[in-house]
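**Q** here is my input; please provide its structure:
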Amino acid sequence: MAPRTDRSDENPDPFRQAAMSLAGLVAAIALILTGGLAGVAMGAHGDTGMSMGTTAAAEAAPMAFTLDSVPMDMAAHYHFAAAHPNAYGMIPCFCGCEATLDHRSLHDCFVRPDGAGWEVHASGCAVCIDESTTARRMLRQGRSNAEVRDAVLADYGMLSSDPGTA
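**A** Below is the predicted model:
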């Protein structure tokens, strides 16, 4: 048996990680500029009616967000959230998306609430990714869904402007 030469999962190169993070940030900014703001303005639910009038382009079906446009480490958060709907469904998100996008939990930040694909929001939100990082780490350590939720509440609940969520 030949020795393994691929060591990409051992001692990751910090420069490569920084470059991947920067690429993710650039992709997120591009997504926000091209579709994220329009999605928020339209309620991010496929509503194509606009109060300032509509155009043929605005009336066309919105393009589905795919994970092909985000770095692999970002896509991993999406796949993990989809694979752990019960855990992510118990975790509140503290970025404010519940008010602007009607998200009910961290799960909705990654997977569209209607289940029809991926939600673009998390790809441009540091809070969602930070909460997901905590969830992924703790779930891999064998922690319960409730323990993960409680840890996120402890970390982010104090930052919330709503005293009822802490």
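**Q** show me where this protein dips below the pLDDT cut-off.
**A** By pLDDT under 70, the low-scoring segments of the chain are 1-63, 158-166.
**Q** just give me the neighbour total for Phe80.
**A** 18 (other Cβ atoms under 10 Å). Using the backbone N, CA and C atoms, a C-beta is placed for each residue, glycine as well.
**Q** quick check, Cys95 in contact with Cys125.
**A** Yes - counting by Cβ atoms under 8 Å, Cys95 does reach Cys125; the two are 5.3 Å apart.
**Q** overlap of the contact sets of the two?
**A** When Cβ atoms under 8 Å, 6 or more residues apart in numbering defines a contact, the residues bordering Cys95 and Cys125 alike are Cys109.
**Q** ok, the closest residue to Tyr78 other than its chain neighbours to Ala151 distance?
**A** Excluding its sequence neighbours, the residue lying closest to Tyr78 (Cβ to Cβ, 6 or more residues apart in numbering) is Phe110, at 5.0 Å. Phe110 is 18 Å from Ala151, where distance means Cβ to Cβ, to the nearest Å.
**Q** just Met90 next, same as before
**A** Met90 sits 11 Å away from Ala151 when distances are taken as Cβ to Cβ.
**Q** where exactly do the helices run in the protein?
**A** According to DSSP state H, the chain carries its helices in the segments 14-31, 37-41, 56-59, 72-83, 85-90, 97-100, 106-110, 126-140, 145-156.
**Q** about what we covered before: next up, the contacts around the residue nearest to Tyr78.
**A** Taking Cβ under 8 Å, 6+ apart, we find Phe110 in contact with His77, Tyr78, Ala81, Ala82, Tyr88, Trp118, Glu119, Ala122, Cys128, Ser132.
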